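Peer 1: the sequence and its predicted three-dimensional model are supplied below.
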Amino acid sequence: MRVRQRAVTWSLGLTTVLAVAGTLSAGIGPVSIPPATVVKILLNAVSLPAGIEVAPLSVAGTLQVPVPTLQWQSAVAYPVDSTAETIIMRVRLPRIMLAATVGFALAAAGTVMQGFFRNPMADPSIIGVSSGAAVGAVAAIVAPAAIPFGLGLRGAAFLGAVITAFVVYLIATDGGRTPVATLLLAGVAIQAFLGAVIAALQLYSGEGLRAVVHWLMGHLGNAGWDDVTITLLIVPVLFGMLLAYARDLNVLLLGEEAAAGLGVEVERTKRLLLAVSAVLTAAAVAVSGVIGFVGLIVPHMLRLVVGPDHRVLLPAAALGGASFLVITDTIARAGATEIPVGIVTAALGAPFFLYLLRSREVHTL
Amino acid sequence: MSDPPLVVDDVSVTLGGRAVLSGVSLTAERGELVGLIGPNGAGKTTLLRAIRGGVTPTTGVVTVTSQSVSSLSAREIGRRVATVPQETELSFGFSVEQAVAMGRHAHIGRFGTPDETDQEVIADALARTSLESLADRPVTDLSGGERQRVLLARALAQATPVLLLDEPTASLDINHAIRTLETVRSVVDDGTAAVAAIHDLDLAARYCDRLILLAEGDVVAAGDPERVLTSETLDDAFDATAVVSRDEVTDTPRVTALSAESTATADEEE
């Protein structure tokens, strides 16, 4: 019971932090909007089901079937400046929502990877997901005609990420067993190989070079509601699956032999954790490019604060990652010229992490 | 009469092309502590791994509470067999209580949380191993003896009919070794069937009901400590000369290993 209470308390607290950060962030930009106005605009946008209307629908020409549909209605209607409303709803809010979702996904996947590998250096890109996504995205920029099925950049990045993770898994698996050390090394080797592919593609990218570099640095500009909708559909489901395995992750920290003795189906659990983390990372990277450090540093920060129990750590790190990326992306776009958010996450995250590292007694991992 | 909780029937294990166990059989009844003794590399640890399904026997069957281990899931095995490992990674900042609570993993559903029964079993395991006062300390702050007690408590929290111990006293001083074995003995007396790999022959003789002497994957001798611990069997298994006498205090066999030189001297004196 105590664990569940701690998990809920931390989650509520960090959700509040995220809400405050998001609201303040929405007011920051070329046009400054006071937080009170932001809140009013957000409340205006909230729709509540107001009733059910039954409309007759004709089926097969003659037969009339009554079909119930939910009627939505805004709960409140504060008078607000319509320009401010457009800026918030069309430009800033989707970007903030996307930052939160991507940060959430990267930090959750990073937490799982660090526990899974029992290695503090692990992050979501360790099994080559980010490199695979980069190859897909860069190929889509350099030679869009070469991408099958009319996938587009996001689709190519997602597919590249998932395929790479699967290939790394296959290489490292022998006789139904996937030793994490082999997985780690296979991931490093594939990353190096794909790095060469990306470099070669860049060399011949010509006009597309700027776009390639921009993507590789990670960015959240051009975020639209469709990106937000897709990631919001994928991320919570995958996160729920990871959360269901939080206790298994704790036991896996004791080593695989001990975990098996305590009743964990080790290989099956590893497969599931790996697959879910890979897809979670792929979804995030596909819409935002390679944003480093969130998946590596945020889990460590939260582990220092809430401890190693994944039932508390996993939601806390995910929500912390969401706030972290919302804040860093706000900084990235607040200046006169926008800088890629990947630069901000590393430039701010690393010193803050080093401070935490020195100021608290650090247990391994 | 019901079957013994643990039956190992003619188990052979081959690892990396080498026969590590060849046709080993043993049983452990409720309330019985069976000691596995033998030189390094005799196959003691492999036998324990085979019992908990960690390695698959090439021939033979391990039966726990009347069910073949190879037919059980990890979770089902986790409810039947608990292991106290020689040493394990306890390098994470979990508290003692959290570490012991992990013993309940196989008893709690995926979406469940520990209920009152779980809490009682955890509290009982902490009490039996005198860890109550350390319950909130991080395991990383503990001494070697205390960590060994955490591992024992974790196994007790699993509340299984079969308990395996792999050199539970190997890294402990004599005081902690005795305390650990006393705890194990009391758990066994409450109806658990236990198999313990033990290096210290005197302690094995003192606390185990029966001993099984393994050498090169074979059972060399099995039975009462008095029958297993003889100069002949030890010479055979360990390739060392040893004198077995009687400990006056505990009234159990005492083994004194002799070097080749001192044997020669002893012979001359005779």
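Peer 2: Arrived safely.

Peer 1: could you tell me how many residues sit around the residue of chain B found nearest chain A?
Peer 2: Of all residues in chain B, B:Gly78 sits closest to chain A, at 2.3 Å by CB to the nearest CB. (C-beta placed from N, C-alpha, C; glycine too.) Neighbour count of B:Gly78, defined by other CB atoms under 10 Å in any protein chain shown: 28.

Peer 1: shaky segments in chain B?
Peer 2: Within chain B, the ranges that satisfy pLDDT under 70 run B:1, B:88-91, B:259-270.

Peer 1: skipping its backbone neighbours, what lies nearest the residue of chain B closest to chain A in space?
Peer 2: Closest residue to B:Gly78 apart from its sequence neighbours, by CB to CB, 6 or more residues apart in numbering or on different chains: A:Gly263 at 2.3 Å.

Peer 1: and the one you found, that one's in a strand?
Peer 2: No. Counting by DSSP: H, G, I helix; E, B strand; the rest coil, A:Gly263 is not part of a strand but coil.

Peer 1: name all residues that make contact with it.
Peer 2: Applying CB atoms under 8 Å, 6 or more residues apart in numbering or on different chains to A:Gly263 gives the contacts B:Ala74, B:Arg75, B:Glu76, B:Ile77, B:Gly78, B:Arg79, B:His105, B:Ala106.

Peer 1: I'd guess B:Leu163 is in a helix, am I close?
Peer 2: No. B:Leu163 is assigned strand when assessed by three-state DSSP, not a helix.

Peer 1: need the contact list for A:Gly160.
Peer 2: Neighbour list for A:Gly160: A:Gly132, A:Ala133, A:Ala134, A:Val135, A:Gly136, A:Ala137, A:Ala139 [criterion: CB under 8 Å, 6+ apart].

Peer 1: before we move on, back to that, how about the residue nearest to B:Gly78, phi and psi?
Peer 2: Backbone torsions of A:Gly263, given as degrees, to the nearest 10, read phi 100, psi 20.

Peer 1: that one and B:Leu72, how far apart?
Peer 2: Noted for A:Gly263: a distance of 10 Å to B:Leu72, by CB to CB, to the nearest Å.

Peer 1: re the thing from before, closest to A:Ala334 among the contacts of A:Gly160?
Peer 2: Proximity of those to A:Ala334 was ranked by CB to CB; the top entry is A:Ala137 with 26.0 Å.

Peer 1: mind checking the SS state of that closest one?
Peer 2: Three-state assignment for A:Ala137 (three-state DSSP): helix.

Peer 1: what about the contacts of A:Gly263, which one has the most neighbours?
Peer 2: Going by other CB under 10 Å, B:Gly78 tops those with 28 neighbours.

Peer 1: what's the local residue count around the closest residue to B:Asp239 other than its chain neighbours?
Peer 2: Distance criterion CB to CB, 6+ apart; nearest residue to B:Asp239, sequence neighbours excluded, is B:Pro39 at 7.5 Å. For B:Pro39, the neighbour count with other CB under 10 Å is 16.

Peer 1: what's the answer for B:Ala127, then?
Peer 2: By other CB under 10 Å, 12 other residues sit near B:Ala127.

Peer 1: give the contact list for it.
Peer 2: Listed by CB under 8 Å, 6+ apart, the contact set of B:Ala127 is empty.

Peer 1: tell me if it really is in a helix.
Peer 2: Yes. Counting by three-state DSSP, B:Ala127 is located in a helix.

Peer 1: can you give the contact residues for stretch B:182-197?
Peer 2: B:4-6, B:26, B:28-37, B:44-45, B:47-48, B:51, B:128-129, B:152, B:156, B:160-168, B:204, B:207-208.

Peer 1: who in chain B is up against chain A?
Peer 2: Residues of chain B lying close to chain A (CB under 8 Å from any CB of the partner chain) are B:52-54, B:73-79, B:81-83, B:85, B:88-94, B:98, B:102-103, B:105-106, B:108, B:110-111, B:113-114, B:138, B:140, B:154, B:158.

Peer 1: against B:Ala155, how distant is the residue of the stretch 251-365 of chain A found nearest chain B?
Peer 2: Residue of the stretch 251-365 of chain A nearest chain B, by CB to the nearest CB: A:Gly263 (2.3 Å). Taking CB to CB as the measure, A:Gly263 falls 12 Å from B:Ala155.

Peer 1: now do B:Gln119
Peer 2: 18 Å.

Peer 1: give me the more crowded residue out of those two.
Peer 2: Neighbour tally, B:Gln119 and B:Ala155, criterion other CB under 10 Å: the higher count belongs to B:Ala155, 29 against 14.

Peer 1: now A:Trp215: which helix or strand?
Peer 2: helix A:209-217 (DSSP states H and E).

Peer 1: buried sites along that helix?
Peer 2: The neighbour-count check on helix A:209-217 (16 or more other CB atoms under 10 Å in any protein chain shown) flags A:Ala211, A:Val212, A:Trp215, A:Leu216, A:Met217 as buried.

Peer 1: could you export that helix as PDB, CA atoms only?
Peer 2: Taking Å, rounded to 0.1, in the frame of the first residue of the first chain, the C-alpha atoms of helix A:209-217 are listed here in PDB:
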ATOM      1  CA  LEU A 209      21.800  19.100 -45.700                       C
ATOM      2  CA  ARG A 210      20.300  21.900 -43.600                       C
ATOM      3  CA  ALA A 211      17.100  19.900 -43.100                       C
ATOM      4  CA  VAL A 212      19.100  16.800 -42.200                       C
ATOM      5  CA  VAL A 213      21.200  18.500 -39.600                       C
ATOM      6  CA  HIS A 214      18.100  20.200 -38.200                       C
ATOM      7  CA  TRP A 215      16.300  16.800 -37.900                       C
ATOM      8  CA  LEU A 216      19.400  15.100 -36.300                       C
ATOM      9  CA  MET A 217      19.600  17.800 -33.600                       C
END
